[in-house]
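Asker: please find the sequence and the predicted model below.
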Protein chains: 2
Amino acid sequence: MQSDSTKPISRQKLKASEPAALRATIKDVALAAGVSVSTASKALNERGRMTSETREKIQSVARELGFRPNAMARALVHQRSFTLGLLTNDTYGRFTLPIAAGLSAAMADRGVSVFLCAIDDEPDRVRLNLEAMEDKRVDGLVVSGKRIDRVLPVDLPAVHMPVVYVNAACPPGAIGFVPDDEGGAHAAVAHLISLGRKRIAHVTGPRSFGAVGLREKGWLRALSEAALPCFGTALSGEWSEGFGYESGQRLVAKPKAERPDAVFCGNDQIARGLIDALTLASIRVPEDIAVVGFDNWEIFATATRPPLTTVDMALKELGRQAGLTLLDLIDGKPVEAGQRRQPCRLKIRRSCGSEAPQTD
Amino acid sequence: MQSDSTKPISRQKLKASEPAALRATIKDVALAAGVSVSTASKALNERGRMTSETREKIQSVARELGFRPNAMARALVHQRSFTLGLLTNDTYGRFTLPIAAGLSAAMADRGVSVFLCAIDDEPDRVRLNLEAMEDKRVDGLVVSGKRIDRVLPVDLPAVHMPVVYVNAACPPGAIGFVPDDEGGAHAAVAHLISLGRKRIAHVTGPRSFGAVGLREKGWLRALSEAALPCFGTALSGEWSEGFGYESGQRLVAKPKAERPDAVFCGNDQIARGLIDALTLASIRVPEDIAVVGFDNWEIFATATRPPLTTVDMALKELGRQAGLTLLDLIDGKPVEAGQRRQPCRLKIRRSCGSEAPQTD
DNA sequence: AATTGTTGCGAAAACGGTTTCTCTAGGTGA
DNA sequence: TCACCTAGAGAAACCGTTTTCGCAACAATT
């Protein structure tokens, strides 16, 4: 039994007197406080003028009755619903959940709730959900995807409300947030270089992904900044453990002198497969070859042997930022159009050979 | 350019005439059709009596204006918002997203939208979100967790609306949905038996998890039904690849005659680690030892070598069922209290040694 | 021709709030 | 004592719908 303000008591009252779970309205509050509805409203919203005595009386009555204003009635008059829609086509993927959680948490703190719309790129489903969002009068839309170079099949011009894109291509003139793939890659490779590695290879996903090009660019930039030669060209394949494994085997097959002393992988799955192949060939990670990944997908990164140093895309923060920006947009604040690149953060574990892995 | 009814045209019109993105109200429709608001409402909702001429005129005007009724105004009079809240404490986990997607999709088809509330088991956040859901007058709540034996820190009695639990403990008298862990385990082990395996071990998660006991029970029941001896006791440890790996090594250390010919693992991560250990010791999977997992977490199950036969918990369906039941509850239909166990489905790949893995 | 029964539609009252405007007391200054 | 101002509170309009009720006009019965 915590002393939890007076809520529990009022609830009990409510329950006892009202079996059908009817909620107290402002009318009930006004009646019980012996004032008019308008006065009650003003008292509860700290507007208008009245004796502090009146105000406090009304507020205390409201508390006793467990009064909570009906957000929909409020929205009706304010033309503002304090709700957002989150449209995502990444139903099974790893991106949506952290983004959604970050968004939802940041919004909850501001009294804004988020509708989740899972569309599987089916046009009908998109249409259905979009219409539902329009009907429910959400104040804005966050559109989140699974790759930064594809725009969702959302008929944007038909939607008359502010939109922010996350982890998806951002049409011209729109506003979007994506992880800074190039910066993250650069940080990862620069860290390897700072540890004395000089022959740093890159194994990554399909060229058709925008992120692949950006991460490759980061790799190259870090190398050239350190005046290191580019070790081979980037090895491009599937985003899978299988491809990482194969690539590892290919590395192993080379004579020792031609092997890299570090590999920067395009994602954690590839890194995982690659490490498995190296381990199987008795090549030590990180002593013989250091490995870093990209994604910080914990379930992979912590399960590899040794645990994987990798680039964290700060997806929660991405969702948060997108939400806050959308809120600004809704409030009519000026927001510059274009795509923002949210900084990534290197998560150091053991696979890169650092002396002191982060503990958090 | 698809011929997409008349919508695009009306939208264009709206945009042209109304820069501030104001939507047509039923008043506008009535005015434009030369009728009263009440008649317009009746025409659009197929109620009341009027000439079909009048009705069609109104409907066509509404279409031209791109009229969509304001769901909040509607909710206000119907005392029904056609929204639900999804409360989950599984922010990073693997359960919430499929459940949420299944729920959201099934609800979208019925005109119901779902608010996502990510609570991290922080009481303040729970309170905040719960209050938001009450204020927004959601019709009901789905509470989803990450383990079936823990109830979320939700002060249920204080919430006056229908609630359904998913993948979480279900307080007495409440309604809940969980995967049928025992049934799934039984199916997995029975399948191994049908393939001729006779010495089937079980490596699983911490005893403190309810699911562990249930899966163990399924294992034992399948064995006893086939009159097979129980091969050792269930090996219990972490839900991790690491523990699977260790357990694999322990198996390998035994003389060949004492080894099992199949292992049923408590989840896919354990199975993955175990297979890695066996492979490293040159034990062939499935020829020497067959392995099946639990979860069908595709990212693991398809990446193991060989791909993992495992139990699919049908989480999307679980979310769907929970939503539909909640809708029944809201509609006042009689729903029996208690916890329902949703059947699992064995997903056959290669690691069990079946001749013909499923292709879907 | 007077009564009844339909038909087609609009007025008005909800739903639960907020906000603007108006009114009444009471206090102030001349 | 009177005009004037102000503080405090209520009346009413509004947000966008739905729904009940009432009222004409007309057709069908006596």
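Answerer: Everything's here; your move. Not measured: the values here are computed from a predicted model.
Asker: count the neighbours of the residue of the stretch 201-350 of chain A found nearest DNA strand C for me.
Answerer: Closest residue of the stretch 201-350 of chain A to DNA strand C, Cβ to the nearest atom of the strand: A:Asp331 (14.8 Å). The C-beta positions use only the backbone N, C-alpha and C, and glycine is treated the same way. The number of residues packed near A:Asp331 is 11, by other Cβ atoms under 10 Å in any protein chain shown.
Asker: ok, A:Val212 next?
Answerer: Neighbour count of A:Val212, defined by other Cβ under 10 Å: 22.
Asker: how close does it get to chain B?
Answerer: 19 Å (Cβ to the nearest Cβ, to the nearest Å).
Asker: tell me the contacts of A:Arg341?
Answerer: A:178-183 (Cβ atoms under 8 Å, 6 or more residues apart in numbering or on different chains).
Asker: restricted to strands, list those.
Answerer: Those of these mapping onto strands are A:178-179, per DSSP state E.
Asker: neighbour-wise, which one of the contacts of A:Arg341 leads?
Answerer: Within the contacts of A:Arg341, most neighbours by other Cβ under 10 Å means A:Pro179, with 27 neighbours.
Asker: out of the contacts of A:Arg341, flag the one nearest to DNA strand D.
Answerer: Closest to DNA strand D, out of all of those and judged by Cβ to the nearest atom of the strand, is A:Val178, at 35.9 Å.
Asker: from the contacts of A:Arg341, pick the one nearest chain B.
Answerer: A:Pro179 (17.1 Å; Cβ to the nearest Cβ).
Asker: is that closest one bridged to anything, and to what?
Answerer: Applying DSSP bridges to A:Pro179 gives these bridge partners: A:Gln342.
Asker: right, and it touches A:Arg340 too?
Answerer: No: taking contacts as Cβ atoms under 8 Å, A:Pro179 lies outside contact range of A:Arg340: 10.3 Å.
Asker: thought A:Asp135 was touching B:Pro69?
Answerer: Yes: between A:Asp135 and B:Pro69 there is a contact under Cβ under 8 Å: 6.8 Å.
Asker: just to revisit the earlier point, let me know the pLDDT of the residue of the stretch 201-350 of chain A closest to DNA strand C.
Answerer: pLDDT for A:Asp331: 94.
Asker: so what does it look like in phi/psi?
Answerer: When quoted as degrees, to the nearest 10, the phi and psi of A:Asp331 stand at phi -80, psi 0.
Asker: that one and chain B: what is the separation?
Answerer: From A:Asp331 over to chain B the distance is 15 Å, taken as Cβ to the nearest Cβ.
Asker: do the same with A:Arg94
Answerer: From A:Arg94 to chain B the distance is 8 Å (Cβ to the nearest Cβ).
Asker: wait, A:Met313 sits on A:Gly183?
Answerer: No: using Cβ under 8 Å, A:Met313 is not in contact with A:Gly183; the gap is 10.7 Å.
Asker: so for these two, which residues contact both of them?
Answerer: Jointly contacting A:Met313 and A:Gly183 under the rule Cβ under 8 Å, 6+ apart are A:Cys344.
Asker: tell me which residue of the stretch 251-360 of chain A lies closest to chain B.
Answerer: Among all residues of the stretch 251-360 of chain A, A:Ala303 sits closest to chain B, at 4.2 Å; criterion: Cβ to the nearest Cβ.
Asker: sec struct for that residue, please.
Answerer: Per DSSP: H, G, I helix; E, B strand; the rest coil, the secondary structure class of A:Ala303 is coil.
Asker: ok, it touching B:Glu241?
Answerer: Yes: counting by Cβ under 8 Å, A:Ala303 touches B:Glu241, with 4.2 Å between them.
Asker: can you list residues touching both of those two?
Answerer: The contact sets of A:Ala303 and B:Glu241 overlap at B:269, B:273 (Cβ under 8 Å, 6+ apart).
Asker: where along chain A do the helices fall?
Answerer: With DSSP state H, the ranges of helices along chain A come out as A:7-17, A:26-33, A:37-44, A:52-65, A:71-78, A:96-108, A:123-135, A:181-194, A:210-225, A:241-253, A:268-280, A:298-301, A:315-330.
Asker: mind saving the C-alpha coords of the second one as CSV?
Answerer: Extracted C-alpha coordinates of helix A:26-33, given in CSV (Å, rounded to 0.1, in the frame of the first residue of the first chain):
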residue,chain,number,x,y,z
ILE,A,26,-16.6,18.1,-16.2
LYS,A,27,-20.3,18.5,-15.7
ASP,A,28,-20.1,16.3,-12.7
VAL,A,29,-17.2,18.2,-11.4
ALA,A,30,-19.0,21.5,-11.8
LEU,A,31,-22.1,20.2,-10.2
ALA,A,32,-20.3,18.8,-7.2
ALA,A,33,-18.3,22.0,-6.8
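Asker: is that helix anywhere near chain B?
Answerer: No: for helix A:26-33, no contact with chain B is found by Cβ under 8 Å from any Cβ of the partner chain; the gap never falls below 13.1 Å.
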